[in-house]
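**Q** Okay, structure incoming, though there's no sequence with it:
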């Protein structure tokens, strides 16, 4: 019974454990960010333009279908 008491974590251990895990997590994040290959300014600009063009195309596509279905539903309600 005495060994069960020794293996039980103390209040200090239970309070300290999340902060130890947080510290390890932040160290791991720092190491990973050092290994990242960041895009150049030109690549970032190009990808941004591509995303904006894709958003415009998709919004036109969705708007067109919305216009078609709205017209069809208005014909059904007459």
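**A** Perfect, I can see it now. Here the structure is a predicted model, which means the values were calculated and not measured.
**Q** so where do the helices sit in the chain?
**A** Ranges of helices within the chain are 2-7, 11-35, 41-76, based on DSSP state H.
**Q** Let me have those in CSV, adding mean pLDDT as columns.
**A** CSV is the format used below for the helices of the chain (pLDDT from 0 to 100):
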stretch, mean pLDDT
helix 2-7, 60
helix 11-35, 86
helix 41-76, 97
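**Q** Include mean neighbour count when you put those into JSON lines, please.
**A** Placement of C-beta: from N, CA and C, glycine included. Output for these, formatted as JSON lines (neighbours: other C-beta atoms under 10 Å):
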{"stretch": "helix 2-7", "mean neighbour count": "6"}
{"stretch": "helix 11-35", "mean neighbour count": "9"}
{"stretch": "helix 41-76", "mean neighbour count": "10"}
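**Q** What residue spans form the domains of the chain?
**A** Following automatic domain parsing, the chain resolves into domains at 1-36, 39-78.
**Q** Near residue 37, how many other residues are there?
**A** By the criterion of other C-beta atoms under 10 Å, residue 37 has 5 neighbours.
**Q** How much space separates it from residue 10?
**A** 45 Å (C-beta to C-beta, to the nearest Å).
**Q** Likewise for residue 17?
**A** In terms of C-beta to C-beta, residue 17 sits 11 Å off from residue 10.
**Q** Give me the most central residue, this structure.
**A** In the chain, the residue lying closest to the centroid (C-alpha atoms, centre = their mean) is residue 29, at 15.1 Å.
**Q** residues contacting residue 77?
**A** Counting by C-beta atoms under 8 Å, 6 or more residues apart in numbering, residue 77 makes contact with nothing.
**Q** On the pLDDT front, check it for me.
**A** What the model reports as pLDDT for residue 77 is 85.
**Q** quick one on the thing from earlier: separation between the residue nearest to the centre of the chain and residue 17?
**A** Counting by C-beta to C-beta, the gap between residue 29 and residue 17 amounts to 19 Å.
**Q** got it, and residue 67?
**A** From residue 67 to residue 17 the distance is 58 Å (C-beta to C-beta).
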